[in-house]
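**Student:** model this:
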Amino acid sequence: MIYLTSIFILIGSFLILVSSIGLIRMPGFYTRIHAAGKTDTLGQILILFGLMLYEGFSLTSLKLLFIIGFVFIANPTATHALAQAAYRMGIPWWRKKSDNSN
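**Tutor:** Numbering: from 1, shown residues only. I've put the predicted structure just below:
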């Protein structure tokens, strides 16, 4: 059981690391929130699920299950609200600059 717990926590940590790199490396605002919104949610859920496995069946694991449900609903909703607010404020889409040096 400890190996399965370790796998979930390591994969979740890796996804959060990828999310952090995506925030730094992506060129535009919308690509950054997309990179962070997807992988961050899954990474948090995997880490919390790994902690549930480690804890076993108890009140603490039930609380972690409620937190997983909250993260599953709140993170995508917050990402969508952030993108919608940015769009309404007029933040432009990122476009690749064309190479017209001929």
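**Student:** may I ask which helix or strand encompasses the closest residue to Met1 other than its chain neighbours?
**Tutor:** With Cβ to Cβ, 6 or more residues apart in numbering as the criterion, Met1 has its nearest non-adjacent residue at 6.3 Å, and that residue is Leu53. Just so you know, the C-beta spots here come from the backbone N, C-alpha and C atoms, and that holds for glycine as well. In this assignment (DSSP states H and E), Leu53 forms part of helix 29-55.
**Student:** ok, Arg95 next?
**Tutor:** Using DSSP H and E, Arg95 sits in no helix or strand.
**Student:** would you mind listing the buried residues in the helix holding Leu53?
**Tutor:** Neighbour-count burial for helix 29-55, counted by 16 or more other Cβ atoms under 10 Å, picks out 29-30, 32-33, 35-54.
**Student:** now swap in stretch 73-91 and tell me
**Tutor:** Buried residues in stretch 73-91 (16+ other Cβ under 10 Å): 75, 79, 83.
**Student:** which strands and helices lie in contact with the longest helix seen in the chain?
**Tutor:** Looking across the chain with DSSP state H, the single longest helix is helix 59-89. Helices and strands touching helix 59-89, by 3 or more Cβ pairs under 8 Å, 6 or more residues apart in numbering; DSSP states H and E, are helix 29-55.
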